[in-house]
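>>> Can you look at this prediction? I've put the sequence above it.
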Amino acid sequence: VNTSDNNSGTMRIEATLLLLFSSAAGSLAFCPSSRAAAPTCRRTSSSSSSALHDVSTDKAPFFATTKEEQSTTTTTTSINDTLQIPLSYNEMITQTSLAMTQALSAGKTRQIVRVLLPRDAANDNFGIFQEAEVADKLQSSNSKALNIADATKLVPTDESWQGGIMQLYRAASPTTKDILRSLCPTMTQTGVPPKIVEDRTIDESGVDGVGLMYTQIGKGGGDEVKGEEDEEGGNMFSGAFGFGQSVSLPTLSGDDMCVFVQPNQEVVDSIETLSASAGSSPLIALINPQWRDVDDALDSASKNDNVFGAFASFLGGKGSSLRKLDALGYEVTYVLEGYVCKGGNIRLLKRFDSDWIAFAENDAGDAWVKVGQQANRPTYQDVEKFLDDKGVGYKYARDLGMAPKL
């Protein structure tokens, strides 16, 4: 205490700080060192084998986890061990619908899903002016008349799609319909597919690749499409400038399901309106949102809750849209996406109850090898480290025999 200072308030503050420091020092003196928790192994005398026994397990850990935490960890670990990359379109539809159904059973009625899209297997290279329509070959995942694995391949939604967002939509549309059919309870119980309405009027420009699909269980008739392009050039100015059809959101019953296909930030307000009016019962999902999982500088700035964040959101950052979706309870329930790392194909797989798992395609191209996992979405650098830790070299080196085959 500074006794030369006659200010009693200062003396009380300094005395209090001294007491706090003394108390903290006393606590530190009796805290066990972090090194003491390191596991020590010894050989057990009760067995003739050279088994090792972990001495650190003889006593209860200093920070014991609860039964709920242990159960959650065990469940996540077991699910991680069972997840595999789907090798065909049918397998992907089954895996996606299963994850969405189990998430719905867990009370998650607002879901975000990302999947690969089917693409004609004969049109895979740059330089091809026009690709065959995958919808011409793609049949329902519930039909066995066509071996879809022979006609299509599963491709990430990257720049290799030469037709841009509209080509992606033409592949996402039949994929979403197959997911909805698999999710529908009448399909699993009676084999009767639900009526699916595809509403393109949600896409105000007509070329943004956005759609709205929902089921109408119990209503007769086949599938219905609203807002298709007509002979005069389509709904070029619908909605945005007051011409053409206006966006009419559906009325959902408790058993109906609704999916926004490839939504962009312009339809987040419609998502918010429908989510609020539908209540908590119907499933509403976002499939392959057009905003990316990773952030650029504008996205990072838009996540700040200040004037700079608002300005970055105005310029196109996704922070404001993500905050709205978080407030509505939207969360990731299934992700299957991919890119190229060290010259080889990489797939990232995630369920609502699992970690992020990274797989690398083997050199034969017929299987996927698990290379790593972690709780947060792995960055490109994380995946590269996974490959380095597994001793996986560059693809060209493996092809030339300069590195071991995968």
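Here it is on my side, so go on. Every value quoted in this text rests on a predicted model; they were computed, and no experiment measured them.
>>> Show me where the protein has its strands.
Listed in chain order, the strands of the chain (DSSP state E) span 41-43, 52-54, 110-114, 117-120, 152-155, 195-199, 211-216, 224-226, 257-261, 283-287, 331-341, 344-351, 356-361, 368-374.
>>> residues of the last one that come out buried?
The one in question is strand 368-374. Within strand 368-374, the residues that count as buried by 16 or more other C-beta atoms under 10 Å are 368, 370-373. For the C-beta atoms, the positions are set from N, CA and C on the backbone; glycine is no exception.
>>> give me phi/psi at L83?
phi -70, psi 140 (degrees, to the nearest 10).
>>> Could you pull up the residues touching it?
349, 351, 354, 357 (C-beta atoms under 8 Å, 6 or more residues apart in numbering).
>>> give me the number of residues near the third one?
By other C-beta atoms under 10 Å, the residues close to S354 number 22.
>>> before we move on, what about the first one?
Neighbourhood size, L349 [other C-beta under 10 Å]: 24.
>>> Next, give phi and psi for the closest residue to M166 other than its chain neighbours.
Using C-beta to C-beta, 6 or more residues apart in numbering and skipping residues adjacent in sequence, the residue nearest M166 is G209, 5.2 Å away. Backbone geometry at G209, expressed as degrees, to the nearest 10, gives phi 70, psi 30.
>>> what residues are up against G209?
G209 sits next to 164-166, 168-169, 172, 203, 262, 290 when contact means C-beta under 8 Å, 6+ apart.
>>> re the thing from before, want to try JSON lines for the strands of the chain, with mean pLDDT and distance to K405 as columns?
JSON lines is the format used below for the strands of the chain (pLDDT from 0 to 100; distance: least, C-beta to C-beta, whole Å):
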{"stretch": "strand 41-43", "mean pLDDT": "39", "distance to K405": "35"}
{"stretch": "strand 52-54", "mean pLDDT": "36", "distance to K405": "34"}
{"stretch": "strand 110-114", "mean pLDDT": "96", "distance to K405": "30"}
{"stretch": "strand 117-120", "mean pLDDT": "87", "distance to K405": "27"}
{"stretch": "strand 152-155", "mean pLDDT": "86", "distance to K405": "22"}
{"stretch": "strand 195-199", "mean pLDDT": "91", "distance to K405": "45"}
{"stretch": "strand 211-216", "mean pLDDT": "91", "distance to K405": "43"}
{"stretch": "strand 224-226", "mean pLDDT": "79", "distance to K405": "48"}
{"stretch": "strand 257-261", "mean pLDDT": "94", "distance to K405": "39"}
{"stretch": "strand 283-287", "mean pLDDT": "94", "distance to K405": "36"}
{"stretch": "strand 331-341", "mean pLDDT": "95", "distance to K405": "17"}
{"stretch": "strand 344-351", "mean pLDDT": "96", "distance to K405": "11"}
{"stretch": "strand 356-361", "mean pLDDT": "96", "distance to K405": "12"}
{"stretch": "strand 368-374", "mean pLDDT": "95", "distance to K405": "11"}
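>>> I'd like the ones you listed laid out as TSV, including distance to G393.
What follows is the strands of the chain, written out as TSV (distance: least, C-beta to C-beta, whole Å):
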stretch	distance to G393
strand 41-43	34
strand 52-54	33
strand 110-114	29
strand 117-120	28
strand 152-155	25
strand 195-199	46
strand 211-216	42
strand 224-226	49
strand 257-261	39
strand 283-287	36
strand 331-341	12
strand 344-351	9
strand 356-361	11
strand 368-374	13
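>>> closest one to L400 among the ones you listed?
Between L400 and these, the shortest gap by C-beta to C-beta is with strand 344-351, which sits at 14.0 Å.
>>> picking that back up, which of the contacts of G209 sits closest to I196?
Once C-beta to C-beta is applied, the member of those that ends up nearest I196 is A172, at 13.8 Å.
>>> residues contacting the closest residue to E224 other than its chain neighbours?
Leaving out its chain neighbours, the residue that sits closest to E224 by C-beta to C-beta, 6+ apart is V197, at 4.7 Å. V197 sits next to 213-216, 223-226, 250 when contact means C-beta under 8 Å, 6+ apart.
>>> Buried ones among the residues you listed?
So, by 16+ other C-beta under 10 Å, the buried ones in the contacts of V197 are 213-216, 250.
>>> and which of those residues is nearest A364?
Nearest member of those to A364, counting by C-beta to C-beta, is M213, at 37.1 Å.
>>> just to revisit the earlier point, of the contacts of L83, which is the nearest to G279?
For the contacts of L83, the nearest to G279 is R351 (25.5 Å; C-beta to C-beta).
>>> quick one: the residue nearest to R377 when sequence neighbours are not counted and L336, what's the gap?
Excluding the flanking residues, the one nearest R377 by C-beta to C-beta, 6+ apart is W356, at 5.2 Å. According to C-beta to C-beta, to the nearest Å, W356 and L336 sit 11 Å apart.
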